[in-house]
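A.B. asks: Curious how this folds, go ahead:
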Amino acid sequence: MKTSTTPNQLKSNLLTTLVLFVLSLTLSVAQTDTKVTTEEGQTITVTIDNVKNNTGQVVFALHTKDTWMKGQGVQNTTTTIENNSVTITFTNVQPGTYSIMALHDVNNNNRMDFENGMPQESYGMSNNPMSYGPPQFSEAKFEVTNEDLEFNIRF
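C.D. replies: The predicted structure follows:
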């Protein structure tokens with residue numbers, strides 16, 4: 001039996017995916033990381049050079065596969081924007097597989113805003129995947145070993 005996907009089903013699937021993405025970022029900002037690590041880990045520096053404007057803040061979350069799209073990341077931070085650019089640093093990151101999510105929270109409400117089911121604020125992920133479906137950990141993941149890392153995320 002052949003089934004087909006209607007445009008409304010596709011729009012609904014995209015909306016559901018974006019809502020999950022927003023919840024992941026929103027929950028990551030709503031809580032702070034209070035865990036103290038005694039072992040030194042690596043440093044991950046993230047830069048975004050194409051922020052649309054200097055209004056609001058940029059929200060970042062460092063995720064593992066276990067935290068991806070489920071809420072708070074293992075480290076979370078926000079920063080103000082200067083000259084349409086931001087740079088943050090995650091410190092003490094232990095070896096493992098991670099991904100980074102970023103959101104330009106223009107109105108400082110700690111969540112992504114939508115209009116007609118479409119996001120109104122810019123967002124991006126490590127590795128800058130260009131997909132129209134749900135954000136996938138496999139597309140954004142990277143390995144932390146024994147060297148510091150630098151990433152440039154595009155909105």
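A.B. asks: Touching, Asn84 and Val51? I think so.
C.D. replies: Yes - checked against C-beta atoms under 8 Å, the pair Asn84 and Val51 is within contact range at 4.7 Å. For every residue, glycine as well, the C-beta is placed using N, CA and C.
A.B. asks: Same drill for those two, tell me which one is more crowded.
C.D. replies: In terms of neighbours (other C-beta atoms under 10 Å), Val51 is the more surrounded of Asn84 and Val51; the figures are 20 against 12.
A.B. asks: And what about the more buried one, helix, strand or coil?
C.D. replies: Reduced to three states with DSSP: H, G, I helix; E, B strand; the rest coil, the structure at Val51 is coil.
A.B. asks: residues near Asn108, how many?
C.D. replies: For Asn108, the number of neighbouring residues by other C-beta under 10 Å comes to 11.
A.B. asks: part of a helix, is it?
C.D. replies: No - following the definition three-state DSSP, Asn108 is coil and is not counted among the residues of a helix.
A.B. asks: how many other residues sit next to Thr47?
C.D. replies: Counted by other C-beta under 10 Å, the residues lying close to Thr47 total 13.
A.B. asks: Relative to Leu149, how far out is it?
C.D. replies: According to C-beta to C-beta, to the nearest Å, Thr47 and Leu149 sit 12 Å apart.
A.B. asks: Touching, Thr67 and Gln75? I think so.
C.D. replies: No - under the criterion of C-beta under 8 Å, Thr67 is not in contact with Gln75, lying 10.1 Å apart.
A.B. asks: quick one, strands of this structure?
C.D. replies: Per DSSP state E, the chain carries strands over the ranges 42-48, 57-63, 75-80, 86-93, 96-105, 114-115, 118-119, 123-125, 142-144, 149-152.
A.B. asks: Out of the ones you listed, which one sits most buried?
C.D. replies: Of these, the one with the most neighbours on average (mean count of other C-beta atoms under 10 Å) is strand 57-63, at a mean of 25.
A.B. asks: which helices and strands does it pack with?
C.D. replies: helix 7-30, strand 42-48, strand 75-80, strand 86-93, strand 96-105 (3 or more C-beta pairs under 8 Å, 6 or more residues apart in numbering; DSSP states H and E).
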